[in-house]
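S.K.: okay, structure incoming, though there's no sequence with it:
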């Protein structure tokens, strides 16, 4: 933050001091992206022109007051793309090679041979065609999987996905896929898109991966689908309540791989997030257009294409 | 085996009936590659001309009697290449993304965020330049890792590895690598090649992966290296004693991922192994050259290149 401090008066605050700090501020950098403090302090935003958030998803700050305001919103697009792609490939391989069972058997010192699966040729649907989805598609394809996408606009010739299906018609094509990866931004359109109907449409052998937002999923329906065998497994890095409550049934379910919202957080990620802000701050000071400008109506940074 | 049965009298036997079955036989298909019964029954091989083994490594049948005989030896080269490559990529990702710790925490219903590692740009040494090593190199490279090889002949322009180092000089270049993958055949030259000196030469952050043969490694030295922090972790699918004894220290060590010699065994592998034999049997009957002919002096099928 040194570069920023040289060009501005910087106030650091926790959630409970946000209103005081916000008074008179021109820009707000929300470093704790899970913070829900912004709406409550919004009345104090008397001259705010820019809000930057240290995450790819902007859903935590997309409250009406900000959306209707003229405050520019930018995100940390790009920081997590390749890390999350690697994470997704890792959980796909964990399912195919039965790694969780190997570890459970190892913890009991038990030698038990099983057969495993190939990943090559398996069909993957990546739901979300932003930069994280694209990086995921490229890596999975490089590793031999057969990848398609789902997004707002169906098309046949996407450079990363080849075919992109219309995400409003999920159940029509879900039956074709071995892995379904949710990486869409959370918006009114995507909230609850994975519910009972979607899971019922998937193959009984399909695995569901969520690295987007917990609210893309109707969690109770996912639990039911896993219990009934509508789908074969799930790898979940995000949840509608975080941390996941200690008594939540997902913790103890077979064929579920959980991680605590860390799929993109490689060593150095905090520094990278500050760098992204500092770079945008430099542009802002010099009157250049901000990078990663969110369309507050859409809820994400629109792609060039 | 139906195709084979149409062209020959086929005797099926377990280890204890091998000598009786071998008397008068022209060909022997060793389907249980771990069987040590062949040397003990060798006196009964009164007209044997061909031995085919349902594995890539032929070390279990490379005893003096066979080596000095005129019996042709063929293996199941090719069956396991791509499956093992996927397995290796899987354990590399498991280390980088800390999946074992995630699963241990999950089993305790504990939410504990950690930072993870990228795999892109990490340096991997694949020791063994046969088809399994090549497939592994190609897949790891496709996933963004920086791959080199080690084999009998140093060279700079290998199509899969780029640089291949001389495997007799391991300790000279081991310090450069983040992951070291052992996938060499077990021969007099490769036995015990990973001992105290090799592990001491690796980075303290390096992970060792063995999908070749347990005897490539001095297991006691590996245990010591993991305990002392000479290396950061190991993923082991093969062991000098299989099954790994229940009281072996490897079972309970931190940063060790164990699996029971299954890295190549995808659904359908047993059928594939029989098909490979049946195809070679067809060639043998028709007097065509056998595929996958092992050089019994080298201990593996020599590459064309």
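M.R.: Looks like it came in fine. The shown structure was predicted, so the numbers you read here are calculated from the model rather than taken from an experiment.
S.K.: give me the contacts around stretch A:282-300.
M.R.: Here stretch A:282-300 makes contact (CB atoms under 8 Å, 6 or more residues apart in numbering or on different chains) with A:3, A:7-8, A:27, A:50, A:57-59, A:62, A:66-67, A:72-78, A:130, A:185-188, A:276, A:279-280, A:301-302. Heads up, the C-betas are built off the backbone N, CA and C, glycines and all.
S.K.: got the buried residues for it?
M.R.: A:284, A:291, A:292, A:293, A:294, A:296, A:299, A:300 (16 or more other CB atoms under 10 Å in any protein chain shown).
S.K.: can you map out the strands along the stretch 1-150 of chain A?
M.R.: Under the criterion DSSP state E, counting those that start in this stretch, strands of the stretch 1-150 of chain A are mapped to A:27-30, A:50-53, A:72-74, A:123-127, A:146-151.
S.K.: domain parsing for chain A?
M.R.: A:2-78+A:266-285, A:81-258 (automatic domain parsing).
S.K.: quickly, which of these bottoms out on average pLDDT?
M.R.: Sorting the domains of chain A by mean pLDDT places domain A:2-78+A:266-285 lowest, at a mean of 94.
S.K.: quick check: end-to-end length of that one?
M.R.: 15 Å (CA to CA, to the nearest Å).
S.K.: do the same with stretch A:188-204
M.R.: For stretch A:188-204, the end-to-end distance is 28 Å (CA to CA).
S.K.: same question for stretch A:29-41.
M.R.: In stretch A:29-41, first residue to last residue: 14 Å (CA to CA).
S.K.: run the chain-centre distance for stretch A:90-108.
M.R.: 24 Å (CA atoms, centre = their mean, to the nearest Å).
S.K.: any bit of it sitting next to chain B?
M.R.: Yes - applying CB under 8 Å from any CB of the partner chain, one finds stretch A:90-108 touching chain B at A:90-91, A:93-94, A:96-97, A:99-100, A:102-107.
S.K.: ok, the closest residue to residue A:184 other than its chain neighbours - how many residues close by?
M.R.: Nearest non-adjacent residue to residue A:184, counting by CB to CB, 6 or more residues apart in numbering or on different chains: residue A:128, 3.5 Å away. A total of 25 residues lie near residue A:128 under the criterion other CB atoms under 10 Å in any protein chain shown.
S.K.: and residue A:128, what is it in contact with?
M.R.: A:149, A:150, A:151, A:182, A:183, A:184, A:185, A:212.
S.K.: one more: residue A:174?
M.R.: A:125, A:180, A:198, A:201, A:202, A:206.
S.K.: make JSON lines from the domains of chain A and add distance to residue B:160 to it.
M.R.: As requested, these are exported to JSON lines (distance: least, CB to CB, whole Å):
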{"stretch": "domain A:2-78+A:266-285", "distance to residue B:160": "28"}
{"stretch": "domain A:81-258", "distance to residue B:160": "15"}
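S.K.: and those, which is most packed in?
M.R.: domain A:81-258 (a mean of 20; mean count of other CB atoms under 10 Å in any protein chain shown).
S.K.: check contacts around the most centrally placed residue in chain A.
M.R.: Geometric centre of chain A, nearest residue: residue A:212, 2.6 Å, by CA atoms, centre = their mean. Residue A:212 is in contact with A:57, A:127, A:128, A:182, A:183, A:184, A:185, A:186, A:190, A:238, counting by CB under 8 Å, 6+ apart.
S.K.: the same query, at a cut-off of 7 Å, please.
M.R.: A:128, A:182, A:183, A:184, A:238 (CB atoms under 7 Å, 6 or more residues apart in numbering or on different chains).
S.K.: out of the contacts of residue A:174, which one sits closest to chain B?
M.R.: Chain B has its nearest neighbour among the contacts of residue A:174 in residue A:206, at 16.2 Å by CB to the nearest CB.
S.K.: I figured that closest one hits residue A:176, correct?
M.R.: No - between residue A:206 and residue A:176 there is no contact under CB atoms under 7 Å: 9.6 Å.
S.K.: among the contacts of residue A:128, which one sits closest to chain B?
M.R.: residue A:183 (16.1 Å).
S.K.: now the contacts of residue A:174 as a markdown table including distance to residue A:265 and secondary structure?
M.R.: Converted to a markdown table, these look like this (distance: CB to CB, whole Å; DSSP: H, G, I helix; E, B strand; the rest coil):
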| residue | distance to residue A:265 | secondary structure |
| --- | --- | --- |
| A:125 | 25 | strand |
| A:180 | 23 | strand |
| A:198 | 28 | helix |
| A:201 | 32 | helix |
| A:202 | 28 | coil |
| A:206 | 27 | coil |
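S.K.: what's stretch A:161-173 in contact with?
M.R.: For stretch A:161-173, the external contacting residues (CB under 7 Å, 6+ apart) are A:126-127, A:129, A:137, A:147-152, A:154-156, A:158, A:193, A:197-198, A:201.
S.K.: repeat that with 8 Å
M.R.: A:125-127, A:129, A:133-134, A:137, A:147-156, A:158, A:184, A:189-190, A:193, A:197-198, A:201.
S.K.: now do the contacts for residue A:145.
M.R.: Contacts of residue A:145 by CB under 8 Å, 6+ apart are A:92, A:119, A:120, A:121, A:122, A:123, A:124, A:179.
S.K.: name the nearest residue to the residue in chain A sticking out farthest from the centre, ignoring sequence neighbours.
M.R.: Here chain A reaches farthest from its C-alpha mean at residue A:111, the gap being 37.0 Å by CA atoms, centre = their mean. With CB to CB, 6+ apart as the measure, residue B:243 is the residue that lies nearest to residue A:111, at 3.7 Å, once sequence neighbours are left out.
S.K.: can you show me the helices along chain A?
M.R.: A:2-7, A:18-22, A:37-41, A:64-68, A:81-97, A:99-107, A:131-142, A:170-173, A:196-201, A:219-228, A:269-285 (DSSP state H).
S.K.: rewinding a little: widest-spaced pair of the buried residues of stretch A:282-300?
M.R.: Greatest spacing in these, by CB to CB: A:284 and A:299 (21.9 Å).
S.K.: residue A:92 touches residue A:144, doesn't it?
M.R.: No - assessed by CB atoms under 8 Å, residue A:92 is found out of contact with residue A:144, at 10.6 Å.
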